[in-house]
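output the structure for:
(3 chains)
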Amino acid sequence: MIALFNMLVFPGFLFLAFMGLACEYIDRKLYARLQNRVGPPWFQPFADFIKLAAKEEIIPEEANPRMFKAMPVFAITATITASFYIPMWNARALLSFNGDLIVTLYLLTIPTLTYFLGGWYSTSLYSKIGAVRSLTQLFAYEVPLLMAILSPALIANTWSLSEMARFYNAHPPYLLFNMIGFAISIVALLGKLEKVPFDIPEAETEIVAGTFTEYSGRLLAMFRLSIDIEAVVGSALLAAVYLPFGLGIGGAMGFGLFMMKVLLIISILSLSRTIFARLRIDQMIEFCWKYVSPFAFLQILISLILKGALAR
Amino acid sequence: MIRPGAMIKQVLASIFRKPATTRYPFIRSQMPEHFRGKITFSPEMCIGCKICIRDCPSNAITINKTGDKRFECVINLSKCVYCAQCVDSCPKKALHATREFELASLDVKKLKATYGDKPQAKPEEGAAK
Amino acid sequence: MRKVVIPIGPQHPALKEPESFNVTLSGERIMAFSARLGYNHRGIEKACEERTYLQDVYLIERICGICSHTHSTCFVQAVEEIAALEVPRRALYIRTVIGELERIHSHLLWLGVAGHEVGFDTLLMYTWRDREVVMDILADVTGNRVNYGMNTIGGVRRDLDAAHIKSMLKAVDTLEDRTKYYIQVAREERTLIERLSKVGTLTHEDAVKLGAVGPTARASGVDRDTRRDDPYAAYGELDFKVVTDDHNDVYGRTLVRMGELMESYKIIRQAIKNMPDGPIAIKSPRRIPAGEALSRYEAPRGEDVHYVKANGTDRPERVKVRAPTLANLQTVEKMLEDGQLADLPIVIAAIDPCFSCTDRSIVVRRSGVRSKNMIRWEDLRSRGIEWYRENRGIDFAKLNRKLSDRMR
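Below is the predicted model of the structure:
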């Protein structure tokens, strides 16, 4: 009973949906204020969701209807499932086992696959180009992201997110060694969430809307909600891996601290959306493999050296 | 020095500045004094020469005789391009350009502004509001 | 990889105006590119023949919103040349000032659009915010924000008084600071330089051979500017530099336009300082004597050419307009050779296309055929239906029948 409540309401589907829409508001408002504009009112993301859900779904004639309709559902499901393993405001997630770090990262890759499959099965030219770009981008940022998230796990000597959080909560100074990984994860998270400078799969001025060109109505509402929830879950993952301090404080203060961490990461994402132009796909791959991956290697090296020093 | 994010200082400073957007329609924007908005007509000065009709690029003006040396003017606000050539051409300065520009309307009848001096029709009446 | 033909336009978020481009892609590389014009054709040249010269001034002004003063001045210059009218010098100076203000407004708009096409929306918001300064000045001086209605045959319609001049000089100072900031951003922002450099390359020889004009040509080192080579209005008496660059790519075009912005501020200050007193217009006859004239003007996009033929009545016999975008459009195919799909929007935006200016009537001559034949309306319609059936697989004949059945 309690498990059902946790899954569906708090901190499951309803809570994450609400947080996702609220963080989308903060992102858009901050983006607007940084550009000297006014920005949308607080209810804009909710109004957008309700409006999209009320519209008619048009499925192209040549598209595969079953896959077309299933992809948004898979996207939302994967991101919500990933959130169950992330310790948010105390050092124990809803579910945890040794190895849930890898499972969470794989679950967060599934939305990208759904974008690819959704775009491919739309059979429209723009969707296909967007889908292929989405997968190409995956090859660029996924490796640095995995390496950067694994290096704190090396020091903590465990593959479980909750154990890592407990370890770092007990020894806060070790956090400082992970800062390079933090920077790399933010760059990789920009790629995963497809935000400028890496929003190549959904480049509005080149391929209309990329993967989402043919989507409309409820399906588009679900896709957009999945992007918002992925932003919150990704930020929560980064906060759990790189900023796991103050996890013992319970109640409202602990929750407030968690919200601060998530909002900090979302603000950094908004700021980077403002000051960069969009990169081309070949420039992006070159950037990720030439600059980001070597720093991820460096971070792993630092973690290994530190682990050796600690074992002594 | 070429670096990514060269605009970051200006961008961060914008948070503390007032937004550059005017919150229309709560705050109305005022057009400058000699703005060429809606054209109005003073019937007492018109002599019926119809030079305005000849010079209008879009045939938006019609002058009708309503009495001995009295004329009324019907301006089709949807055809008018607000160039104010009629204002310049009129030898008696009977036409004026105002600053009104919020002329959109859902009712096509409201887009014909009639200016005459029938007792119940003052120049402000019949104007699109 | 298999080749895919992707249609960009007529409706596409990258284009501000409807135009149809067919791009053949293999993966992300562009293999072939072809353009079809004509979606914005409104029959303006024919409409000019049925209106008097004074009415035509306003019609020609509305060919385009951003280069409206360009077209209006060019037309009026041609008519004044036929009628041998001696325009007062003060009117020429006022036309110059308004023309340069229009150039400022157009180049700031272009900077914003270029930023938007590469995904840099912040540049769009900032430049368009600064463009409001120019629009407010123009609304104050001329009475409207676009389509200024400043020209009349024989001079200008409104005068500049001391208050206008003061606010104009203040606005020019503000804009000069902002433009210096944008030049600094364009020289320093790494992602912007990466997107704009080595993209849309056009060598000097190609620019001359294909007939490019305006900043597109000047960025490839072609030193041509109608304001200096064939002076009109007050440009013969003003001192300014023609900005050229030798980057040969979109980055060069950006730098040329920003250099032209700085030159415009200089020109406006000079013109205001040296403005002579006197009348602002002379009376022009209603009937223009027979004759023909060709007049040129340096629009923000390049060289704009108007040809007017008069026959003694109060309506022109033939008006022909050649907009600069028509000359620059041939170069886009050359620029996109070995290009990528992601570069397509910015390359098209870099020639600063204004398809409203471009779509006029063109005479198509088939080589070897000497006779001309007029195509009837029914033939044109069936040719169109045939083309769409072959190349796009849509049969409009059936659709039209359904629609006409429903309307009966």
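
can you count the residues close to residue A:90?
17 (other CB atoms under 10 Å in any protein chain shown). All C-beta spots, glycine's among them, are computed from the backbone N, C-alpha and C.

please verify my assumption that it contacts residue A:248.
Yes: shown here, residue A:90 and residue A:248 form a contact pair, counting by CB atoms under 8 Å, at 7.4 Å.

can you give me the end-to-end distance of stretch C:34-43?
24 Å (CA to CA, to the nearest Å).

how about it and chain B, touching?
No: Stretch C:34-43 lies out of reach of chain B by CB under 8 Å from any CB of the partner chain, never closer than 13.7 Å.

buried residues, that stretch. List them.
C:35, C:37, C:39-40 (16 or more other CB atoms under 10 Å in any protein chain shown).

which two in those are spaced the farthest apart?
C:35 and C:40 (13.2 Å; CB to CB).

my read: residue C:265 touches residue C:177, true?
No: assessed by CB under 8 Å, residue C:265 is found out of contact with residue C:177, at 10.3 Å.

dump the buried residues of stretch C:34-43 into a markdown table; add secondary structure as well.
As requested, the buried residues of stretch C:34-43 are exported to a markdown table (DSSP: H, G, I helix; E, B strand; the rest coil):
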| residue | secondary structure |
| --- | --- |
| C:35 | strand |
| C:37 | coil |
| C:39 | coil |
| C:40 | coil |
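
between the residues you listed, which is closest to chain B?
Of all the buried residues of stretch C:34-43, residue C:40 has the smallest distance to chain B: 18.3 Å, by CB to the nearest CB.

for the closest one, which non-adjacent residue is spatially closest?
In this structure, residue C:40 finds its nearest non-sequential neighbour in residue C:359, 4.4 Å apart by CB to CB, 6 or more residues apart in numbering or on different chains.

tell me the confidence at that neighbour?
Here, the pLDDT recorded for residue C:359 equals 80.

check residue A:221 too.
For residue A:221, the model assigns a pLDDT of 93.

give me the number of neighbouring residues for it.
Applying other CB under 10 Å, I find that residue A:221 has 21 neighbouring residues.

ok, the closest residue to chain C within the stretch 51-200 of chain A - contacts?
In the stretch 51-200 of chain A, the residue found nearest to chain C is residue A:125; the distance is 5.0 Å by CB to the nearest CB. By CB atoms under 8 Å, 6 or more residues apart in numbering or on different chains, the contact list for residue A:125 reads C:4, C:6.

so which bits of the stretch 51-200 of chain C are right by chain B?
C:51-52, C:54-56, C:58-59, C:62, C:122-123, C:126, C:129, C:132, C:136, C:139-140, C:143-144, C:147, C:149, C:152, C:157-158, C:181, C:184-185, C:187-191, C:193.

of those residues, list those near chain A.
Contacts with chain A within those, as defined by CB under 8 Å from any CB: C:122-123, C:126, C:129, C:189, C:191.

could you report the neighbour count for residue A:185?
Residues lying near residue A:185 (other CB under 10 Å) number 27.

a helix runs through it, doesn't it?
Yes: under three-state DSSP, residue A:185 sits within a helix.

quick check: which ranges of chain C have low pLDDT?
Applying pLDDT under 70 to chain C flags residues C:1, C:362-374, C:398-408.

go with 50
Across chain C, the ranges flagged by pLDDT under 50 are C:408.

one more: the stretch 1-150 of chain A?
In the stretch 1-150 of chain A (pLDDT under 50), no residue qualifies.

how close does residue A:241 sit to chain C?
In this view, residue A:241 and chain C are 28 Å apart by CB to the nearest CB, to the nearest Å.
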